[in-house]
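J.: Okay, here's the prediction I keep looking at, along with the sequence it came from:
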Amino acid sequence: MQRDGINKSIWQEVTVPGLSAPRDQEHVEIIVVGGGITGLTAALKLQEAGRRCVIMEANTIGFGTTSGTSAHINTVLDTPYTDIIEQHGLEAARTVVASTRKAISIINKNKDQYEIDCDFTRCSGFMYAENEEEKKELKEIKEALEQVGIPCSEVDEIPVPASFMYAIEFEEQARFHPTKYLAGLAKAYISLGGQIRERTVVQHVKEENDMLVAKTAEGDVFSADFVLYATHTPPGIQLMNFRLAPYRSYIQVWELMRQIDWPEALVYDMQEPFHYFRTVEQGGKSYLLIGGQDHKTAHHDNEKKNFRELEAYVRSLYVVNKKIYEWSSQYYESQDSLPFIGYYPGKKHRRELLSSGYGGNGMIFGTLGGSMMADLVLHGKTDFQDIYSPSRIGPLSAIRNLLVENYDVAKHFVKDRFFLEEIEELAELGRGEGKILNYKGKRIGLFKGEQGELFAIDPVCRHAACIVKWNNTERSWDCPCHGARYAPDGSLLNGPSVAPLKIWQLEKKK
Ligand code: FES
């Protein structure tokens, strides 16, 4: 299967069904935008209830974060419960715990009902502190875990070979293989009559005559009763862009020398940013999966350096045999640490729903979000709808207007022509490298392919006109503002943009 970066993840060895729906359809009962864990969970639940869905995925099923996750399944989230209690109160934090338990039970139920062989393994979790400051913080986290009702205890041993001052173990965690699970959901969904349209970019949705009308980049138009956005951020420019920040995390999979070293549990250190560990199985063998080095998307000078630092960290702890995989992946943090799941804010109708802002807990909140959106369509209500409501924070109309203005600017097409020879000389690019340079008063994004071919793009993001940055490890143009990403040739990888980057004309001198 494919994903949204050049580095291959361990989860890509799976084939996920991506059925094509007939193109002459005009009315669709429910459109689910996005074919990751959120979209598939929602669509399957709706199809089970006898509703008719079409998943519209901009690329292929599992192309986004679901094939780039570390696939931790946890009730202990990346945002500590100390922070959740401080921001939202103890009762809300207990509700969050209940919702994560529900998400685990949904994964478990789907796995059993559809006999999905996805390496689901229940395990405990560990967190360890390496200095006094971390110890103090971890003690507070332990106290918060007890307050919210997650069983935990102090321990003298941890399942990674790090020296530590203080550590805790907590129960109720799990891990699985995300794309095996996704493939199982897709198979079940298709067997119930669900349809999937891959390579379909939903560009625009509007309400018309008590119905939604969705337009795709390919020029198809559909009417629908409901549209569910399972895309991190809904397409286009909207206020959710200001409530979500894109982040990137780095993962490596290592073959270790000693069998004893693989951690059966989920393990986290307390560094800033923290590292996370788990075991992953492939072809009958176990490997160490480790991740960290998180930073805001396109806010790091040299992405490759993150892999080097992660590798140095692994080697400081383990005797390693070899590195099997390394990749990075994008996720979105919400402004108040909780996801947004529910009705699209600011709309009078209740036909558009969204689910986003999972932080580093995409498998849990993707599952929960998909299930909650399906419940809202089916019953008009769902558990946890108040705490995760996307309307919980007020409107941002002034900023929205500003963005709409920027969007209009971005609509103009690139007309200038540039000479290949001059640009090549200017750029001094190695093969596989990209760079933004100034030429004749214009900014140009250049990428040189493995055969020496040059691609020149206009680096103005097609979402709201920020300038994209070259990601030198995933080989993509990443937008620092709201996380849109583009391939080296400018084609669209991830929203919220719904259009490719514009391309500059390169000509040979006559
Ligand atoms: Fe919003 Fe690029 S993603 S400006």
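T.: Good, I have the coordinates.
J.: Near the ligand, which residues of the protein are found?
T.: C461, H463, A464, C466, C479, C481, H482, G483, A484, P496, S497 (CB under 6 Å from any ligand atom). Where you see a C-beta, it was placed from the backbone N, CA and C, and this is true even at glycine.
J.: Of these, which belong to helices?
T.: The helices, defined by DSSP state H, take in nothing from the residues of the chain next to the ligand.
J.: mind putting those in CSV, neighbour count and pLDDT included?
T.: Below are the residues of the chain next to the ligand laid out as CSV (neighbours: other CB atoms under 10 Å; pLDDT from 0 to 100):
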residue, neighbour count, pLDDT
C461, 27, 94
H463, 26, 91
A464, 23, 87
C466, 17, 90
C479, 28, 93
C481, 21, 90
H482, 25, 90
G483, 27, 91
A484, 29, 92
P496, 26, 89
S497, 27, 90
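J.: what's the burial count for I444?
T.: Residues within reach of I444, counting by other CB atoms under 10 Å, total 22.
J.: contacting residues for it?
T.: I444 makes contacts with F418, I423, I436, L437, N438, A456, I457, D458, P459, W504, as judged by CB atoms under 8 Å, 6 or more residues apart in numbering.
J.: Tell me the one of the residues you listed nearest the ligand?
T.: Of all these, the ligand sits closest to P459, with 10.3 Å by CB to the nearest ligand atom.
J.: Wait, the closest one touches G445, no?
T.: Yes. With contacts defined as CB atoms under 8 Å, P459 counts as touching G445 at a distance of 4.1 Å.
J.: what touches both of these two?
T.: I436, V468, W477, L501.
J.: separation between the last one and K442?
T.: Spatial separation of L501 from K442 under the definition CB to CB, to the nearest Å is 14 Å.
J.: so Q47 sits in a strand?
T.: No. Checked against DSSP: H, G, I helix; E, B strand; the rest coil, Q47 lies outside a strand; its state is helix.
J.: What is the neighbour count of it?
T.: When counting by other CB under 10 Å, one arrives at 22 neighbours for Q47.
J.: Identify the residues contacting it.
T.: C53, Y189, L192, G193, G194.
J.: again, only using 6 Å
T.: C53, Y189, L192, G194 (CB atoms under 6 Å, 6 or more residues apart in numbering).
J.: Tabulate those in TSV, adding columns for secondary structure, pLDDT and neighbour count.
T.: Output for these, formatted as TSV (DSSP: H, G, I helix; E, B strand; the rest coil; pLDDT from 0 to 100; neighbours: other CB atoms under 10 Å):
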residue	secondary structure	pLDDT	neighbour count
C53	strand	96	28
Y189	helix	97	30
L192	coil	96	16
G194	coil	95	25
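J.: Would you point out the most distant pair within those residues?
T.: C53 and L192 (9.4 Å; CB to CB).
J.: quick one: which helix or strand includes N438?
T.: Element membership for N438, per DSSP states H and E: strand 434-439.
J.: So which elements touch that strand?
T.: helix 420-427, strand 442-448 (3 or more CB pairs under 6 Å, 6 or more residues apart in numbering; DSSP states H and E).
J.: rerun at 10 Å
T.: helix 420-427, strand 442-448, strand 454-457, strand 469-471, strand 476-478 (3 or more CB pairs under 10 Å, 6 or more residues apart in numbering; DSSP states H and E).
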